[in-house]
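Participant: Predicted model and sequence below, questions to follow.
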Amino acid sequence: MAEVLHVEARETRGKRDARRQRRSGKIPAVLYGHGQETLSLTLSAEEFDAAMRHGARLVRLTGAVDEQAFVRELQWDTWGTHVLHVDFTRVSEHERVRVEVPVELRGEAPGVKAGGVIKQAIHQIEIECEATAIPDKIHVSINRLELGQQITVGQIELPPTVKILADPTELVVECHEPVEVAEEAAAPAEGEPEVIGRKKEEGEEETEE
């Protein structure tokens, strides 16, 4: 089910107006696509952040418009912590879209019990699917991953409507022998350690506490 976002029409544009909107807790946005008019909108930053935390990419816009839309692009601030602008595109029910989704490992690899270490090579992957069927994550089972084995993109089990756009030979996860790092142990010094302090000036007398 698509997340619902309430939007308002934005009558003015420009950097000054965008800054004013952000100070009031709103995010400037645009809606375009399907040969229709491009609309300038604003929406609640808090509401949008909550939708993104749920992994939403397909949303239902209500208020100034009543349309189904896809979160096409986000503009972030310098530190990558706050969204400054959102691009929405109109989508139909069975329209196919391209989107990046997280890759999550599931299960317990037998290779770990044999002393191996799991290394996940990719954490995001680009897929193509119907806009109404975007998965929150791509799950990769490692329940049969033995020591010395790997899983590539082409070996991932997918829903029939989802197509991965990455190279089928690209490594996703592997179970390998742990790498031992040789530690350089400092040779123990013979005798008492030297105490480094202020050198006594010539003629200076010892002081007793």
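Facilitator: Nice, thanks for sending it over. Numbers count the residues shown, from 1 in each chain.
Participant: Can you list the residue ranges for strands in the protein?
Facilitator: Residue ranges of the strands in the chain, as given by DSSP state E, are 3-9, 26-32, 39-44, 58-63, 67-76, 83-90, 96-106, 117-120, 124-130, 138-141, 150-152, 163-164, 171-176.
Participant: Reformat these as a markdown table; add mean pLDDT, mean neighbour count and distance to residue 15.
Facilitator: C-beta coordinates here come from the backbone N, C-alpha and C atoms, glycine included. Listed next are those as a markdown table, based on pLDDT from 0 to 100; neighbours: other C-beta atoms under 10 Å; distance: least, C-beta to C-beta, whole Å:
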| stretch | mean pLDDT | mean neighbour count | distance to residue 15 |
| --- | --- | --- | --- |
| strand 3-9 | 93 | 17 | 19 |
| strand 26-32 | 94 | 21 | 10 |
| strand 39-44 | 94 | 20 | 14 |
| strand 58-63 | 92 | 18 | 24 |
| strand 67-76 | 91 | 17 | 12 |
| strand 83-90 | 93 | 19 | 10 |
| strand 96-106 | 93 | 15 | 29 |
| strand 117-120 | 96 | 14 | 40 |
| strand 124-130 | 94 | 16 | 31 |
| strand 138-141 | 95 | 18 | 38 |
| strand 150-152 | 97 | 17 | 46 |
| strand 163-164 | 94 | 16 | 39 |
| strand 171-176 | 96 | 19 | 42 |
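Participant: nearest to residue 51, of these?
Facilitator: Among these, the nearest to residue 51 by C-beta to C-beta is strand 3-9 (4.1 Å).
Participant: That closest one pairs with which strands, parallel or anti?
Facilitator: strand 39-44 (antiparallel), strand 58-63 (parallel) (DSSP bridges).
Participant: Would you agree residue 70 is in contact with residue 91?
Facilitator: Yes: at 4.7 Å, residue 70 and residue 91 qualify as touching, with contact defined as C-beta atoms under 8 Å.
Participant: tell me, what's touching these two both at once?
Facilitator: Common contacts of residue 70 and residue 91 (C-beta atoms under 8 Å, 6 or more residues apart in numbering): 58, 97, 131.
Participant: Wait, the first one touches residue 68, no?
Facilitator: Yes: with contacts defined as C-beta under 8 Å, residue 58 counts as touching residue 68 at a distance of 7.0 Å.
Participant: who touches both of the two?
Facilitator: In terms of C-beta under 8 Å, 6+ apart, residue 58 and residue 68 are both contacted by the residues 2, 91, 131.
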